[in-house]
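A.B. asks: From the sequence below, what's the structure:
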Amino acid sequence: MPDIARRFPENPILCPKDLNSSRAGLEIVCLLNPGVFTFQNKTWLLIRVAERPEQKQGIISFPVLKDNGIEIIAIAENHPDLDAGDPRVINYKGADYLTTLSHLRLVCSDDGVHFYQPAGYPLVQGEGEDETFGIEDCRVSLIDNTYYLTFTSVSAHGVGVGLRTTKDWKRFEKHGMIIPPHNKDCAIFEECVNGKFYALHRPSSVALGGNYIWLAESPDGIHWGKHKCIVKTRPNHWDSARVGAGAAPLKTAEGWLEIYHGANEKHQYCLGAFLMDLNDPSKVLARTEEPIMVPTADYELHGFFGEVVFTNGHIVNGDELTIYYGAADEFVCGAKFSIQEILSTLKYV
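C.D. replies: This is a model prediction of the structure:
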């Protein structure tokens, strides 16, 4: 399938070797799925950094957050109670564990292409019993001079949506888990609609229903309710198995434009778009039939988990939409789109 993305010729713009691990004894295996924002006249990425212990022959080892720091668990790879068929998640004695531990790390750029890690900014790391397996895939929304960070909190309790807020990226207020398991892919609109905050999110169901995009309302950006399912998977399409929101929707004259990811039963991830009514975002007006971005470049097809393009952050400059995305669950890349071209591909429902 063709797409309309104009990929950066410099891609990948960040690879695991470009950053240092958070502590001795760990190695970075993936950089992926950054939240994106502007601050101090620079482009910033809040990258998910996935780390694990340096692997030894015949042993699978992985980190878990404890109250006193990181604990390393090591298991013989031929252990009869170990299922390690998925590079992302293993099952040991009936319990699931992530093979890596993720935190969020800030990098910035003057030109939007060449990024570096600035001094003086802390790592955004998991804390508490709901984040013992780390925090992942942050969306960043700027509302009234406050940055809202919605991210995936992962622990043995399940996968839910955590929230922290900041004004200066050095001090953070923690709001705990705002949507409980199983839920992820939460993106808060960057302005209120009729006096209400709105957010997209994705509950997960393995038995009844499906992995669909929902809309929620809030009086304050912290307490959420009036949840409504608005976008479902489509049989025999590129988004037949799961769909999830990208970054905060874009406000256009036609409506709220959302870039979302979809995957099929083969776990191939593409990007598409849908349009919501400006005054009532629960009304979906249009949706792309074909994806606007398909994993085709070598760095999208081959990596930690191949055939994946996944975004939760972008920058808008007039008609130009610059999307930063994770490729093959290993690299950070960039691509440019025309907003009008995306709108022209929508099919009204």
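
A.B. asks: ok, Val309 to Gly210 distance?
C.D. replies: 21 Å (CB to CB, to the nearest Å). Yep, even glycine has a C-beta here, placed from its N, CA and C like the rest.

A.B. asks: which of the two has more neighbours?
C.D. replies: Val309 (27 against 15; other CB atoms under 10 Å).

A.B. asks: what are the bridge partners for the more buried one, then?
C.D. replies: Beta-bridge pairing of Val309 under DSSP bridges involves Ala327.

A.B. asks: likewise the one 5 residues further on?
C.D. replies: Listed beta-bridge partners, His314: Ile323 (assigned using DSSP bridges).

A.B. asks: what sits opposite Ile28 in the beta ladder?
C.D. replies: Applying DSSP bridges, one finds that Ile28 bridges with Glu51.

A.B. asks: Secondary structure of Lys17: a helix, I assume?
C.D. replies: Yes: counting by DSSP: H, G, I helix; E, B strand; the rest coil, Lys17 is found in a helix.

A.B. asks: Could you tell me the per-residue confidence at it?
C.D. replies: Here the pLDDT value assigned to Lys17 is 96.

A.B. asks: which ones are touching it?
C.D. replies: When contacts are counted by CB atoms under 8 Å, 6 or more residues apart in numbering, Lys17 touches Ile28.

A.B. asks: any idea how far it is from Gly112?
C.D. replies: Relative to Gly112, and taking CB to CB, Lys17 is found at 21 Å.

A.B. asks: Would you mind measuring from Phe274 to Pro281?
C.D. replies: From Phe274 to Pro281 the distance is 11 Å (CB to CB).

A.B. asks: try Asp319
C.D. replies: 22 Å.

A.B. asks: Comparing the two, which residue is more hemmed in?
C.D. replies: Taking neighbours as other CB under 10 Å, Asp319 and Pro281 compare with Pro281 leading, 23 against 13.

A.B. asks: mind listing what the spatially most central residue of the chain touches?
C.D. replies: What sits nearest the mean C-alpha location of the chain, by CA atoms, centre = their mean, is Asp137, with 3.2 Å. Residues in contact with Asp137, defined by CB under 8 Å, 6+ apart, are 32-33, 48, 151-152, 184-185, 312.

A.B. asks: Give the burial count for the closest residue in space to it that isn't next to it in sequence, as a bare number.
C.D. replies: In space, and not counting its chain neighbours, Asp137 is closest to Asn33: 4.6 Å by CB to CB, 6 or more residues apart in numbering. Neighbour count of Asn33, defined by other CB under 10 Å: 30.

A.B. asks: so where does Asn33 fall, helix or strand?
C.D. replies: strand 26-39 (DSSP states H and E).

A.B. asks: The stretch 201-349 of the chain: strands as residue ranges?
C.D. replies: Ranges of strands in the stretch 201-349 of the chain, per DSSP state E, counting those that start in this stretch, are 213-218, 225-231, 242-245, 250-251, 256-263, 269-276, 284-288, 309-317, 320-327, 331-338, 346-348.

A.B. asks: What pairs with the fourth one, parallel or antiparallel?
C.D. replies: The one in question is strand 250-251. Under the criterion DSSP bridges, strand 250-251 sits next to strand 256-263 (antiparallel) in its sheet.

A.B. asks: Using CSV, write out every CA atom in the strand it pairs with.
C.D. replies: What follows is strand 256-263, C-alpha atoms only, in CSV (Å, rounded to 0.1, in the frame of the first residue of the first chain):
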residue,chain,number,x,y,z
TRP,A,256,-10.9,17.8,15.1
LEU,A,257,-8.4,15.7,13.1
GLU,A,258,-6.8,12.7,14.9
ILE,A,259,-3.9,10.7,13.6
TYR,A,260,-4.3,7.1,15.0
HIS,A,261,-2.5,3.8,14.7
GLY,A,262,-4.1,0.6,13.5
ALA,A,263,-2.8,-3.0,13.4
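
A.B. asks: quick one: average pLDDT of that strand?
C.D. replies: 98.

A.B. asks: do the same with stretch 21-30
C.D. replies: Here the average pLDDT along stretch 21-30 is 91.

A.B. asks: From one end of it to the other, what's the distance?
C.D. replies: 11 Å (CA to CA, to the nearest Å).

A.B. asks: And the strands in the stretch 51-200 of the chain?
C.D. replies: 59-66, 69-76, 82-83, 89-92, 95-98, 101-109, 135-143, 146-155, 158-166, 172-179, 183-188, 197-203.
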